[in-house]
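K.L.:
Here is my input, please return the structure:
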Amino acid sequence: MRGPILLAAALALSACGTSVQRMDEGAVKDVSGRWNDTDSRLVAEEMIADALARPWYSAAHQALGKNPTVIVGAVKNQSQEHINTDTFVEDLQRALINSGKVEFVAAKGERGDVREERLDQDTNASEETRKAHGQEIGADFMLSGALNQIVDQEGGKAVVFYQTNLKLLDMKTNRIVWNGQKKLKKFVKRSKAGW
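P.N.:
Numbering: from 1, shown residues only. Purely as a prediction, here's the structure:
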């Protein structure tokens, strides 16, 4: 009698265990209905493609005589969810750099690290390899924006609406040269109301 009880207990414990399945990083798997890695990547790629196809780009390229230099500023999360906007900013940077149409400069925090390294080089690097201060490239344009969300929920059903707004500002004049918007809408059904 003891054997079947132990077997049943072992089966019950194994049924409650955690299961992990490796996935291709490009695979789309929407589990919760919340903002996810796929949303971040697709919104960034689509918005950057739109930005670079607009009139500001050819005007800036012609006026500067070269590819414009861009920096990504703050992208604020104004949604009800915890969204790590750093991954979205990285997706924006990657799309900009990989376009080959703009030069790109490091963000504020990264520049601080590089400046510290240059200070260290002043003391510790050889004269031939030391990098001088005051040689940084200034950005011509700054990209910034916000992620917004509206949730329409009743019981275990919800429509989750995301709107990403991005603006590209001329660093010299503060003029907005591009204003982009991307909307996502998801219908989510849950067995229990857990919003």
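
K.L.:
those helices in this protein, which residues are they?
P.N.:
Taking DSSP state H as the test, the helices found in the chain are 2-15, 37-52, 55-64, 85-99, 108-124.

K.L.:
got these as a markdown table, with mean neighbour count, distance to residue 152 and mean pLDDT columns?
P.N.:
Using the backbone N, CA and C atoms, a C-beta is placed for each residue, glycine as well. Shown next, in a markdown table, are the helices of the chain (neighbours: other Cβ atoms under 10 Å; distance: least, Cβ to Cβ, whole Å; pLDDT from 0 to 100):
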| stretch | mean neighbour count | distance to residue 152 | mean pLDDT |
| --- | --- | --- | --- |
| helix 2-15 | 9 | 36 | 60 |
| helix 37-52 | 19 | 18 | 92 |
| helix 55-64 | 13 | 35 | 96 |
| helix 85-99 | 17 | 23 | 91 |
| helix 108-124 | 11 | 37 | 89 |
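
K.L.:
how about those, which one is nearest residue 187?
P.N.:
For those, proximity to residue 187 was assessed by Cβ to Cβ; helix 37-52 is nearest, at 14.6 Å.

K.L.:
could you say what helices and strands that closest one packs with?
P.N.:
helix 85-99, strand 157-170, strand 176-189 (3 or more Cβ pairs under 8 Å, 6 or more residues apart in numbering; DSSP states H and E).

K.L.:
Extract the C-alpha set from that helix and format it as PDB.
P.N.:
Extracted C-alpha coordinates of helix 37-52, given in PDB (Å, rounded to 0.1, in the frame of the first residue of the first chain):
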ATOM      1  CA  ASP A  37      10.300  42.400 -26.300                       C
ATOM      2  CA  THR A  38       8.500  41.900 -29.600                       C
ATOM      3  CA  ASP A  39       6.500  45.100 -29.100                       C
ATOM      4  CA  SER A  40       9.600  47.000 -28.200                       C
ATOM      5  CA  ARG A  41      11.600  45.800 -31.200                       C
ATOM      6  CA  LEU A  42       8.800  46.200 -33.800                       C
ATOM      7  CA  VAL A  43       7.700  49.600 -32.600                       C
ATOM      8  CA  ALA A  44      11.300  50.900 -32.600                       C
ATOM      9  CA  GLU A  45      12.100  49.600 -36.100                       C
ATOM     10  CA  GLU A  46       8.900  50.900 -37.600                       C
ATOM     11  CA  MET A  47       9.200  54.300 -36.000                       C
ATOM     12  CA  ILE A  48      12.800  54.800 -37.000                       C
ATOM     13  CA  ALA A  49      12.100  53.700 -40.600                       C
ATOM     14  CA  ASP A  50       9.300  56.300 -40.600                       C
ATOM     15  CA  ALA A  51      11.500  59.000 -39.100                       C
ATOM     16  CA  LEU A  52      14.300  58.500 -41.700                       C
END
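
K.L.:
hmm, who's touching it?
P.N.:
With Cβ atoms under 8 Å, 6 or more residues apart in numbering as the test, helix 37-52 has contacts from 25, 28, 30, 57, 87-88, 91-92, 94-96, 99, 101-102, 143, 162, 164, 166, 168, 178, 180, 182, 184.
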